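K.L.:
okay, structure incoming, though there's no sequence with it:
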């Protein structure tokens, strides 16, 4: 916005300059400066448009005859309005046309401009008053076509007078049946059909001269000005609306035309029609008096009206809305390949609405399932992904067939790492949605459904009450986590442990590790061992730290669970135990790649420990066993070296002494943000990890 | 209604539709006003010499006492019909019965119409704004066409069934293949595919029926029919194309046939998730 404001100020400066330098314009030097200014003015006008006063001033300057032809031409072309055109400017320009000091070409340009901005002129009463004067210009050969076009826009019933018709007919007999004359005659005929017999048949009455000009005007208007629902600025009288592609997507609210009662009683009942409500305050004030629209989908058009959608008691409205949505989604998105502007508008609206009501409509769900089959992963990507995060708790078979299978295909086949990361992060969001909102909602709905008396209450709880089958929420969430395990492994292998992807995956596991502590839900899953080993042996300290954090979260959850429940989650305990033992061996006890690794190791299960042990050993420097202790871990050597440099000690010390025993080293690691690491050190120091063998 | 080609559309439930004559008159007047207004909007167009005068809405009583059909026509001054359309109901209804039965939603899933494009467009727009419904052109998929063949191909003594197949590739030199099957054979095939005891027809039965026809033809002609798409079927009672146009040729079973087509329209409209 600041950029725009500076442009506006610039425009004002230029206009002032042009006003001031009236007399000095003849000299050559000033003329080149002037053209530079005018060029800049035109460029800026194309970007931000001119305000009402500026339009008046520039119009005055352009038609005053003080500047040369080219400059006046540029000035007229830069008359691009930001909000609306004051009718005084138009009045001034039209009156100047009658004078002699501007060239005929400029007059034509002025009239073309008036036609282009006709719809944006603020009030038109004075312009209607000078209809006769404009009619007078029809005699000029050059101006005739454009005058006819302007008159066809301006004509009202009172303007169709006998002498004018006679004049037009005589003109027609003189120059023949020109399309513009026939256009004007057909307008006249509309008002007085008895006076005119034949209007002539032409396909296009008025040529559209200035397409690029009108495009720039509509561009500026679109950004700043009043939105007009009509597509084209230039009036094209003869074209039928071709297909429904030109009609706006969500029509503004309209009342019914047929009423049950007499029409008069409707009017007198004092109800306020829908389309008058513009703000939320007005909605609250007039709540009792609203007359409902007959088209449910028009309520989607503004957030104020969406509130009404959310709280209405009329049960037909969600049904009508879902039929309309189904129809439009099929037409715009399922059957059309690629992205279109209308499809984008529709899907944005749907996403916004489902965010507003914090749930996913059943029709949107069905649409997602259908669409994912044929989705290419590109079109409308952020919106489709956002809709997936809003899905309800579904039976696992449905989820697997309709969501996971297509996502997996796209995930594996897409070479774009960001797509993979976005999929993982939306699945994480889906998980948190499930944990936060949906499981509670499901419980409430099931309890309400069982109790038949509460069916009405159900309607107020869900947007559109449908029968929900019995599912096990824990099972669904578990399957979701397993799916993410699976695809993240595939993704990491394919992208060779891309850093961004690894980060998204690890964030997901941080989330799963906190399920019990945050949501009190007894669902325990550990990351699969390849991912754990990838993280622990990676070269990035953040990953090592995060993985430690995950394992620590799990231990905390287990502690919180209490000893009595341990038997139910025996497998989980064993697995966690083995991970912790491995961590202990590798990072603390100098037992990495020990030939006789602990029997229950998860990480070392499928590795030929001896070979790797040999490969990693550098005699006299380091052995494989000690290699991954915390200070010598390849990810952390950088930190260790820096630490030693800070203290002006010999970097070789790293290999000789036990840095982890030094508290300053631990503090140094904390300052680098590796908090989980330091927590782990404290944890390991306290003794062996609490053995949870039952 | 017979022997004319109609366009089939699926129509979502109409809101606020009243069946009494006063309302129907009101709708008629309103629609005619809209048509007149839209005609005069398009100035400069080739002026049609006859202008729209009246629109009549009539109820058509079907075999099911409760659900009626609806017919409306647009007539010109000289009495020529430039647009006519029927709305049919079907005996089944959508899953959420509660809402349908309770209030102002009328379920007339099938809309068939014929007329010129501009009038059709104006009429559809009026329907959409007045009753908040959505109209979508129906495309009949091969399974639906096969089902119609199974239902109506075996009407006794009225001739045989023709099925036209479309060949997807242009270069082979032929674009359609027509086949003719006798009514008796159709009845026989259907008896094998479908257990007579139940009234319900499952998708698998229809698939089996169609597959048996295809296999028979493949055996005789060595053309793989299961790779071709069905384009048109002509049973003695009704002829249907896959892009939504159909023609009813026999008046005896009119209402039953239309009820079947209406059921297909209902399927086209159905948008709830498959498993819930």
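P.N.:
Okay, I see it. In this text the structure is predicted, and so the values were computed from the model without any measurement.

K.L.:
when you work out contacts or count neighbours from here on, use the C-alpha atoms and nothing else.
P.N.:
Noted.

K.L.:
what about the helices in the stretch 51-200 of chain B?
P.N.:
For the stretch 51-200 of chain B, applying DSSP state H, counting those that start in this stretch gives helices covering B:97-102, B:117-131, B:142-152, B:183-193.

K.L.:
of those helices, flag the one that's most buried.
P.N.:
Highest mean neighbour count of the helices of the stretch 51-200 of chain B: helix B:142-152, a mean of 21 (counted as mean count of other C-alpha atoms under 10 Å in any protein chain shown).

K.L.:
quick one, that helix and helix B:183-193 angle?
P.N.:
110 degrees (axes from the mean of the first three to the mean of the last three C-alpha atoms, to 10 degrees).

K.L.:
rewinding a little: who wins for proximity to chain A among the helices of the stretch 51-200 of chain B?
P.N.:
helix B:117-131 (5.6 Å; C-alpha to the nearest C-alpha).

K.L.:
the closest one close to chain A?
P.N.:
Yes - using C-alpha under 8 Å from any C-alpha of the partner chain, we find that helix B:117-131 touches chain A at B:129-131.

K.L.:
could you give the mean pLDDT of that helix?
P.N.:
Mean per-residue pLDDT for helix B:117-131: 78.

K.L.:
same question, stretch B:23-43
P.N.:
pLDDT averaged over stretch B:23-43 gives 70.

K.L.:
how far does it sit from the chain's center?
P.N.:
26 Å (C-alpha atoms, centre = their mean, to the nearest Å).

K.L.:
give me the buried positions along that stretch.
P.N.:
B:23-24, B:26-33, B:35, B:39, B:43 (16 or more other C-alpha atoms under 10 Å in any protein chain shown).

K.L.:
kindly report the same for stretch A:426-443.
P.N.:
For stretch A:426-443, by 16+ other C-alpha under 10 Å, it's A:426-435, A:438-439, A:441-442.

K.L.:
tell me who's in contact with the most centrally placed residue in chain A.
P.N.:
Note on chain A: the residue nearest the mean C-alpha position is residue A:348, at 6.3 Å, using C-alpha atoms, centre = their mean. Shown in contact with residue A:348 (C-alpha atoms under 8 Å, 6 or more residues apart in numbering or on different chains): residue A:383.

K.L.:
measure it to chain B for me?
P.N.:
20 Å (C-alpha to the nearest C-alpha, to the nearest Å).

K.L.:
check which helix or strand covers that residue.
P.N.:
Per DSSP states H and E: residue A:348 is located in helix A:341-357.

K.L.:
returning to what we had before: could the helices of the stretch 51-200 of chain B go into JSON lines alongside distance to residue B:86?
P.N.:
Shown next, in JSON lines, are the helices of the stretch 51-200 of chain B (distance: least, C-alpha to C-alpha, whole Å):
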{"stretch": "helix B:97-102", "distance to residue B:86": "21"}
{"stretch": "helix B:117-131", "distance to residue B:86": "13"}
{"stretch": "helix B:142-152", "distance to residue B:86": "20"}
{"stretch": "helix B:183-193", "distance to residue B:86": "29"}
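
K.L.:
which stretch among the ones you listed comes nearest residue A:533?
P.N.:
Among these, helix B:142-152 comes nearest to residue A:533, with 52.3 Å by C-alpha to C-alpha.

K.L.:
low-confidence ranges in the stretch 1-150 of chain B?
P.N.:
Applying pLDDT under 70 to the stretch 1-150 of chain B flags the ranges B:1, B:16, B:19-20, B:38-69, B:75-80, B:89-104.

K.L.:
let's see it at 80
P.N.:
B:1-5, B:10-109, B:115-123, B:126, B:128-134 (pLDDT under 80).

K.L.:
which residue ranges form the strands in it?
P.N.:
B:5-11, B:14-15, B:52-60, B:69-76, B:81-88, B:105-106, B:110-115, B:135-137 (DSSP state E, counting those that start in this stretch).

K.L.:
give me the sheet partners of the first one and which way each runs.
P.N.:
For strand B:5-11, sheet partners with direction are given as strand B:110-115 (antiparallel), strand B:135-137 (antiparallel), strand B:245-248 (antiparallel), following DSSP bridges.

K.L.:
could you look over those strands and pick the most buried one?
P.N.:
strand B:110-115 (a mean of 22).

K.L.:
tell me the angle of that one relative to strand B:81-88?
P.N.:
170 degrees.

K.L.:
and residue A:186, how many neighbours?
P.N.:
Per other C-alpha atoms under 10 Å in any protein chain shown, the neighbour tally for residue A:186 reads 25.
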